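>>> Prediction below, plus the sequence it came from.
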Amino acid sequence: MEIFRKKSGYRWMDVYILANVVELGTCHFCKRFLTLQNDPGGRTFAQMTHAARSGCRNIAEGCERLTTSQASGIDLVNVAYGSLCELRDDYNKWLMLDRQAPWPTSSAEAQRIYAVRLDPAVYTEDINHACCLHILAQYEKFATWLDNPDSHIRANAFLILLQRTITMLENYIARLGKDFIEEGGFKERMSTVRSEARAQQEGVPEESPTCPLCGNGMKMRKTKEGAKPFWGCTGYPACKGIVAFQKKA
């Protein structure tokens with residue numbers, strides 16, 4: 001087992017690309033439609049642009065943190081999720097202030113936006129430059145709606161893109177949780193890697209035995225005094241199977 005997780009490569013992830021499209025469009029939306037008359041204190045402008053920014057930056061930071069801390073990485077991705085949910089409510093409010101409800105998912109206009117798919121991210125070199133160009137190209141796919149002079153069309157388009165992004169994040173967070181259950185966090189990986197290294201140093205066989213009680217794999221453990229190693233079932237405490245351990249000849 002490696003002590004560090006492989007980097008997720010967030011610049012290749014559709015959820016990161018789409019979150020960037022939402023952020024760019026939200027900045028354009030706020031500059032165009034929020035005025036001194038409808039947002040005299042600038043609070044809505046600040047809130048919406050900050051929520052859009054938080055969605056992008058916390059996906060990036062969270063994915064990077066996963067290398068050494070599964071818990072903090074998940075926390076940051078979850079912050080991104082919460083920020084984008086908050087932004088979704090802001091666009092809902094924009095429509096409802098004008099006595100409008102969002103387009104039904106089954107409506108023809110909504111389905112046209114849902115039908116637009118992102119291109120796969122392919123970066124050969126100069127990744128930062130290529131990623132920015134890719135994000136701008138994906139924005140153009142939705143420009144008919146995101147640059148529309150009608151703020152209601154823009155708001156409806158953002159709600160659809162936000163829902164897609166939020167659903168992607170929900171699935172990603174669920175996958176991270178599953179990985180955490182199966183592999184543990186960074187401290188547990190450190191402990192496992194150190195145990196494996198110590199086992200090699202002490203002449204422990206490379207392949208662990210099978211538990212005689214339940215058939216699961218086993219890992220090297222030591223008595224409370226730390227003097228005598230033995231094989232313990234990985235299903236402990238549900239299974240308390242043990243096998244005596246002998247050093248390599």
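Arrived safely.

>>> Buried residues, stretch 164-176. List them.
164-166, 168-169, 172-173, 176 (16 or more other CB atoms under 10 Å). To be clear about C-beta, it is placed using only N, CA and C from the backbone, and glycine gets the same treatment.

>>> Could you list the residues in contact with that stretch?
Outside stretch 164-176, the residues that touch it by CB atoms under 8 Å, 6 or more residues apart in numbering are 13-15, 18-19, 22, 55, 59, 66, 70, 73-74, 77-78, 80-81, 84-85, 88, 114.

>>> buried subset of the residues you listed?
With burial judged by 16+ other CB under 10 Å, the buried subset of those is 13-15, 18-19, 22, 55, 59, 66, 70, 73-74, 77, 80-81, 84, 88.

>>> Quick one: mark the members of those residues that sit in strands.
Per DSSP state E, strands hold no members of those.

>>> Nearest to K31 among the buried residues of stretch 164-176?
Within the buried residues of stretch 164-176, the smallest distance to K31 is 21.3 Å, found for T165 (CB to CB).

>>> Please report how far that closest one lies from G217.
T165 sits 39 Å away from G217, going by CB to CB, to the nearest Å.

>>> Just give the nearest non-adjacent residue to V15, would you?
M168 (3.9 Å; CB to CB, 6 or more residues apart in numbering).

>>> looking at this, the one you found is in a helix?
Yes: under DSSP: H, G, I helix; E, B strand; the rest coil, M168 sits within a helix.

>>> tell me the mean pLDDT for stretch 32-43?
For stretch 32-43, mean pLDDT rounds to 94.

>>> What are the contacting residues of the helix or strand hosting Q111?
Using DSSP states H and E, Q111 sits within helix 108-114. With CB under 8 Å, 6+ apart as the contact definition, helix 108-114 has outside contacts at 103-105, 142, 145, 156-157, 160-161, 164.

>>> let's go with 10 Å and repeat that
102-105, 107, 141-142, 144-146, 153, 156-161, 163-164 (CB atoms under 10 Å, 6 or more residues apart in numbering).

>>> what about L136, neighbour count?
12 (other CB atoms under 10 Å).

>>> wait, it sits on V21?
Yes: between L136 and V21 there is a contact at 9.1 Å, judged by CB atoms under 10 Å.
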